[in-house]
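Colleague: got a predicted model here, sequence first, then my questions.
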Amino acid sequence: MPKIYIDVLIIVNFALCFCLIGFTAHITHYKISSPRHFISSLIGSLTCLSIVTSNIFAIVFIKSFFSIIMIVFAFSIISPRRILRQLFVYLICNAVLVSILYIFWYLSKSKTIYIINYTVYFDLPLLTLIFSIVALYALISLFQMIIDSVKFKSDIYSLDIMIKGKRFSLKGLSDSGNLVKDFVNLKSVIVCKSKKMCEAFDLDKALEAGFRIIPYSTASGEGILYAVKPESVIIKSASGLNKTADVTIGIVETHDDDIAIFNPQILL
C-alpha cells in the first residue's frame, strides 16, 4: 500500500473524470462548454473520497452522490431519465477505462498504479503527473480535431443567412483552405458565391450600404469580396448538425454559383 497524497489523488481522478466526461459527451452527441467540462470534472474527482473507507455502502453513496451532481452540471439536465442515460454511459466508459488500467497493472506488475476501494491512484511525483496529464490532453485534443475535420469535410451542409432583413439559403462547402478573416473583428469569413445575394444587393454601392472589401483565397480561387456582419447564420448538415455561427459574410460577385464556403473550425 503506497503513501497516499491527497493532491495527487484528486489530480489523478480529475484527469480520469475529464476524459470520461469527454467520452460520454462524444458518444451521446452532447456539446459541453470548457468551463462546465472543467468544473464537472472537479466535482467528479471528489468521488475519490471513497478511498478512506472500505464500507461498500459508504463507497456506493459517495461515488453515486458526486457522480450524479457531476452529470447534472456537465450536461445541464434535470430530467431523471436523461440523467440516468448519461450516468449509464459514463459508468460504462469508466468500467472500460478501469479494466484497461487493471489489465496494464496486472501484466506489467507496475508499482505506480493502484486501485483502492474502487478508486484509481497513481504513485507518481506531482510534476510528472501534471506533465503527463497535459501531454495526454494535448494528444486527445489533436486526435479529436483530426476526427472532427474529416467528419465535417465529408458531411453535406446548408446555410440559412439573414442579412439586412433578407433571408438566403445556400449550399455549404467545408473547406479548411478558407482562412479568410475579417480584419475589423477578426472573425472567420464565410465566402458566399451567390447570384441571389448579388441580385439582392447592389455591389457597386456596397460600400455606401455598410459593406467592406476584403481579399480572399480558397481552394476554389481568389479575389475580393464584400464583407458584412449578418443578423444570423445557421449551419445545418445531413448528420443533424444545427449550429448558429458568429461569423462575417463575404459576398463574391458571380452570375451562376450558389454556395457558401466556410472553414470547419467554426463548427467546433
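Modeller: Done, it's in.

Colleague: low-confidence ranges in the stretch 101-250 of the chain?
Modeller: Confidence mapping of the stretch 101-250 of the chain against pLDDT under 70 gives the ranges 126, 129, 133, 136-137, 140-141, 144-154, 217-221.

Colleague: is it correct that residue 166 is in contact with residue 200?
Modeller: Yes. A contact is recorded between residue 166 and residue 200 when judged using CB atoms under 8 Å, the distance being 5.4 Å. (Glycine included, C-beta is placed from N, CA and C.)

Colleague: from the chain's centre, how far out does whichever strand or helix holds residue 41 sit?
Modeller: With elements taken from DSSP states H and E, the one containing residue 41 is helix 34-45. Distance, stretch centre to chain centre, for helix 34-45: 14 Å (CA atoms, centre = their mean, to the nearest Å).

Colleague: buried sites along that helix?
Modeller: Buried residues in helix 34-45, counted by 16 or more other CB atoms under 10 Å: 37, 40, 41, 42, 43, 44, 45.

Colleague: how far off centre is the very next helix or strand once past it?
Modeller: Where DSSP H and E defines the elements, the next helix or strand beyond helix 34-45 is helix 56-75. Computed by CA atoms, centre = their mean, the separation of helix 56-75 from the middle of its chain amounts to 24 Å.

Colleague: for helix 56-75, name the packing helices and strands.
Modeller: In terms of contact count using 3 or more CB pairs under 8 Å, 6 or more residues apart in numbering; DSSP states H and E, helix 56-75 is assigned the packing partners helix 6-28, helix 34-45, helix 80-108.

Colleague: one more time with 10 Å
Modeller: Contact analysis of helix 56-75 by 3 or more CB pairs under 10 Å, 6 or more residues apart in numbering; DSSP states H and E lists helix 6-28, helix 34-45, helix 80-108, strand 119-122 as its packing neighbours.

Colleague: so what does the longest one touch, helix or strand wise?
Modeller: The one in question is helix 80-108. Using 3+ CB pairs under 10 Å, 6+ apart: helix 80-108 touches helix 6-28, helix 56-75, strand 113-116, strand 119-122.

Colleague: make TSV out of the ones you listed and add distance to residue 177 and mean neighbour count.
Modeller: Converted to TSV, those look like this (distance: least, CB to CB, whole Å; neighbours: other CB atoms under 10 Å):
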stretch	distance to residue 177	mean neighbour count
helix 6-28	27	19
helix 56-75	35	17
strand 113-116	44	16
strand 119-122	42	22
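
Colleague: quick one: contacts for residue 119?
Modeller: By CB atoms under 10 Å, 6 or more residues apart in numbering, residue 119 lies in contact with 4, 9, 12-13, 16, 47-52, 59, 62-63, 98.

Colleague: neighbours of the nearest residue to it once chain neighbours are set aside, how many?
Modeller: Of all residues not flanking residue 119 in the chain, residue 51 sits nearest, at 4.4 Å (CB to CB, 6 or more residues apart in numbering). Residue neighbour count, defined by other CB atoms under 10 Å, stands at 21 for residue 51.

Colleague: one more: residue 208?
Modeller: If you count neighbours by other CB under 10 Å, residue 208 ends up with 8.

Colleague: quick one: the strands in the stretch 151-268 of the chain?
Modeller: According to DSSP state E, counting those that start in this stretch, the stretch 151-268 of the chain carries its strands in the segments 157-163, 166-174, 189-194, 212-218, 221-228, 232-237, 242-244, 248-252, 258-262.
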